[in-house]
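Based on what follows, work out the 3D shape:
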Amino acid sequence: LHPAFGDILGGGPRSNGLTKGFAVISSDAGHAMEKVPGIGGGLFGVDPQARLDYGYNAVAQLTPMAKSVIAAYYGKRPDKSYIVGTSNGGRHGMVAAARDSGEYDGVLATAPGYRLPYAALTQIADAQQFAKVAAQDPKTGRPDLNTSFPPAALNLIANKVLERCDALDGLKDGIVSDLMGCQKAFNLARDVPTCAAKPNGQCLTAEQKKVMAEVFAGPKWKNGQPVYSAKAWDPGLAGKDWGTWKFKNSVGPRDPLSVGFAFSTPPVSPKEMDGKGTSIIDYVMKYDLDKDGQKIFAKNATYTQSSIEFMLPPEAEKMSNFVARGGKLLVAHGSSDPVFSVLDTIDWYEKFSAFHGQAARNSARFFIVPGMNHSRNGPATDQYDMVDALVAWVEQGKAPDAIVATARGKGSNLPNPEVPASWSPNRTRLLCAYPQIARYNGKGDSEVAASFKCVNP
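Reported below is the predicted structural model:
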């Protein structure tokens, strides 16, 4: 459980909820998965009530408690209330909007894993793909996924993406603002050289290219339908966080424990995945997507809601009650998020916009952070304050069309070592409300946001 200081999200935040004057409550959603070694924390998923708390009930129960404490201390309830979260916390924000109880005026959700069970299955499927080109770990006799695509291989792909896509937004600056244009412009098979012999950092083997193509396309059920979402080609895939999620978290403990204990009905036996030796990676490598994956839809007398029911925001493309009473939702997502695909969030926003028509922008705005990995980091301008933007929208009616984001280069607070040396350490860029992108105006300092404008791609 993190201290209740009110993280405003992004990389290297310069302030927090407390310094902004908010009363703050923080929650672990009823579990302490990351604080308990081995599989201990993950076992919360075998408790039926803990599953529901993790999915939606923790926020539903804690919010009125927090408001009662505020009323007792200050003699009045809060004038306005906000929920702010990233990753699973971003999912909680979207769930709060979809299951609207009238408690929140504004919601800020970044890197929202709003379809988390599907994304977790994809992590397992991706691990199985990477294992096809990984070397065996001599200590365990299991595949070492880190060897499947070493940093040089990921850098090669990232550089080839830049070659095809960097100038699409009007300026070669190491940032791909026109993400959707890039998906059409880049072709892995054509643009990345194929090795005639062993890979040397200048090429990929045919098998490596096949594996990476499968990973970016996303796994499919046996009927050909996608399990989750495709991934977006973006230079941020060379970010350290990308490899951590794909080569480490996918084989334990994070994703396997979530799938096995929290999302599957019935949950896997702790005797099968006990956190000792190779039991977790063995669970991943033996996982049958079409057979075992169906357990995320299952329920029984003990587990009366499937993970799809308790984890996903119901009718996320509508959020009808939240919209009807004037709630405001800001969503931000890194274009190189390795675990929750930005393309999935784009798909949600487009469905939301289609349902509500032109009025959608009165209720929700979506911002893509080019190059950013999961919640922060990567070669990106990942330092931004969307809390202030949300408050201005809720309390002053100032809807955000663009938000200024800053790089965290050498000498900045909490430097991001992945900021390229060719960038100004304090480079600023506009994050534009989707579908607009930031385009250089052709004059002025290319390192400052004032030289850019938001335009339709």
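
ok, the residue positioned nearest the centre of the chain - contacts?
Per Cα atoms, centre = their mean, the C-alpha nearest to the average position across the chain is that of residue 111, at 3.2 Å. Taking Cβ atoms under 8 Å, 6 or more residues apart in numbering as the criterion, residue 111 is in contact with 86-87, 90, 332-334, 337, 340, 374-375. The way it works is simple: take the backbone N, C-alpha and C, and place the C-beta from them, glycine included.

if I look at residue 102, how far off is residue 63?
Here residue 102 is placed at a distance of 10 Å from residue 63 (Cβ to Cβ, to the nearest Å).

of these two, who's got more company?
Counted by other Cβ atoms under 10 Å, residue 102 and residue 63 do not tie: residue 63 has more neighbours, with 18 against 10.

OK, contacts around the more buried one?
Residue 63 sits in contact with 25, 81, 83, 101, 103-104, where contact means Cβ under 8 Å, 6+ apart.

Of all pairs in these, which one is the farthest apart?
The span of those, defined through Cβ to Cβ, is set by 25 and 101 at 15.5 Å.

can you pull out the strands in the stretch 1-150 of the chain?
82-86, 106-110, 135-136, 143-144 (DSSP state E, counting those that start in this stretch).

quick revisit: looking at residue 25 and residue 101, which is more packed in?
Legend: neighbour count by other Cβ under 10 Å for residue 25 and residue 101, higher for residue 25 (17 against 12).

how would you label residue 184: helix, strand or coil?
The three-state label given to residue 184 by DSSP: H, G, I helix; E, B strand; the rest coil is helix.

Count residues in the vicinity of it, would you?
Quick note: residue 184 (other Cβ under 10 Å) scores 12 neighbours.

One more: the one 3 residues further on?
Residue crowding around residue 187 was assessed by other Cβ under 10 Å; the count is 13.

ditto for the one 5 residues further on
Other residues within reach of residue 192 by the criterion other Cβ under 10 Å amount to 21.

follow-up on the earlier one: and the nearest residue to the residue nearest to the centre of the chain once chain neighbours are set aside, how many neighbours?
With Cβ to Cβ, 6 or more residues apart in numbering as the criterion, residue 111 has its nearest non-adjacent residue at 4.5 Å, and that residue is residue 375. Using other Cβ under 10 Å, the number of residues around residue 375 comes to 25.

Output the strands of the stretch 1-150 of the chain in JSON lines; the columns should cover mean pLDDT, mean neighbour count and distance to residue 360.
Formatted as JSON lines, the strands of the stretch 1-150 of the chain follow (pLDDT from 0 to 100; neighbours: other Cβ atoms under 10 Å; distance: least, Cβ to Cβ, whole Å):
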{"stretch": "strand 82-86", "mean pLDDT": "97", "mean neighbour count": "24", "distance to residue 360": "20"}
{"stretch": "strand 106-110", "mean pLDDT": "98", "mean neighbour count": "28", "distance to residue 360": "15"}
{"stretch": "strand 135-136", "mean pLDDT": "97", "mean neighbour count": "12", "distance to residue 360": "48"}
{"stretch": "strand 143-144", "mean pLDDT": "98", "mean neighbour count": "20", "distance to residue 360": "45"}
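
quick one: which of those strands is nearest residue 275?
Evaluated with Cβ to Cβ, the strands of the stretch 1-150 of the chain place strand 143-144 nearest to residue 275, the distance being 19.0 Å.

which residue ranges form the helices in the stretch 101-250 of the chain?
For the stretch 101-250 of the chain, helices defined by DSSP state H, counting those that start in this stretch occupy the ranges 116-131, 151-165, 179-185, 188-191, 206-217, 240-243.

Would you mind saying which of the ones you listed lies nearest residue 367?
Going by Cβ to Cβ, the one of these nearest residue 367 is helix 179-185, 11.7 Å.

now what about that closest one, what contacts it?
161, 164-165, 168, 176, 232-234, 335, 342, 346, 368, 370, 435, 437, 457.
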